[in-house]
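Student: My questions concern the predicted model and sequence given below.
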Amino acid sequence: MKKFVVAFLLGISLTPAVGFDLDSFFKQSDTFFKKYVQNGKVAYKTINSQFSEIESLYKTIGEADLSAASDTEAKAFYINAYNLIVIYQVSKYYPLKSPLDQSGFFDKVKHTVAGTSMTLNFLEIKKLILAYKDPRIHFALACAAVSCPPLADFAYMPGQLDQQLDTRTKLALNDPVWLKVRPDQKKVQLSKIFEWYHKDFVMGGESSVL
């Protein structure tokens, strides 16, 4: 019995618990985006040829522990995780002309995110939009299409998150691809994103996106 207890205690001392390093994840993600994203475009071909980099980040996303994370840290984590998973999927099946060419890209294929299996749609809606009720998030997420907001060449950081989301939102709204004001026709043309996520943009009881 004594030998068993000693062995058990030795086992505990030899296998210390190792906490998840969120700061390291943010830094690694930032380095990755700076390396492979330019002017909103992702170098999928290059990533595919050096797949171990995105694969490592993808694995880290699955192993993440957010139990001690603040709301801001979790919010930044999920935004980066979403963008990295999209890049992972497109790069894995490169050349992939469109995410829609892969069946269930957003709504059926599941990924492990912080220990929980989920689709990209679940991650976007349940973990981000409904959790934080912040419409700026729509301008931070990648969908691997030209019609989407340009992807940032940096990771979203907890200490800078509000400023980063403001910047990306203003960038999109001042892009004529996203919003066209036509005074002569008394019209304002908006991106489809305002129709798809209309409720997210209606604030304070207002009935119109405008």
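Tutor: Arrived safely, thanks for sending.
Student: I'd assumed residue 62 was in contact with residue 112.
Tutor: Yes - if you go by CB atoms under 8 Å, residue 112 and residue 62 touch, sitting 3.5 Å apart. In short, each C-beta sits where N, CA and C put it, glycine included.
Student: Mind listing residues that contact stretch 80-96?
Tutor: 25-26, 29, 32-33, 36, 42, 44-45, 47-48, 51, 54-55, 57-58, 61, 64, 99, 102, 105, 109, 111, 113-114, 120, 123-124, 128, 140-144, 151, 155-156 (CB atoms under 8 Å, 6 or more residues apart in numbering).
Student: Now intersect these with the strands, please.
Tutor: 42, 111, 113 (DSSP state E).
Student: which of those are buried?
Tutor: Those of the ones in strands among the contacts of stretch 80-96 that meet the buried threshold are 42, 111, 113, by 16 or more other CB atoms under 10 Å.
Student: Let me know the distance separating the first one from residue 118.
Tutor: In this view, residue 42 and residue 118 are 22 Å apart by CB to CB, to the nearest Å.
Student: pretty sure residue 173 contacts residue 188?
Tutor: No - judged on CB under 8 Å, residue 173 makes no contact with residue 188 at a distance of 11.1 Å.
Student: Overlap of the contact sets of these two?
Tutor: Joint contacts of residue 173 and residue 188 (CB under 8 Å, 6+ apart) are residue 179.
Student: any weak-confidence spans in the protein?
Tutor: 1-19, 146-147, 203-210 (pLDDT under 70).
Student: Do a quick rundown of the helices in it.
Tutor: With helices called from DSSP state H, the chain shows them at 2-14, 22-36, 44-49, 52-63, 71-92, 120-122, 130-132, 161-173, 193-196, 198-201.
Student: what's the closest of the ones in strands among the contacts of stretch 80-96 to residue 70?
Tutor: residue 113 (17.6 Å; CB to CB).
Student: Cool, thanks, talk later.
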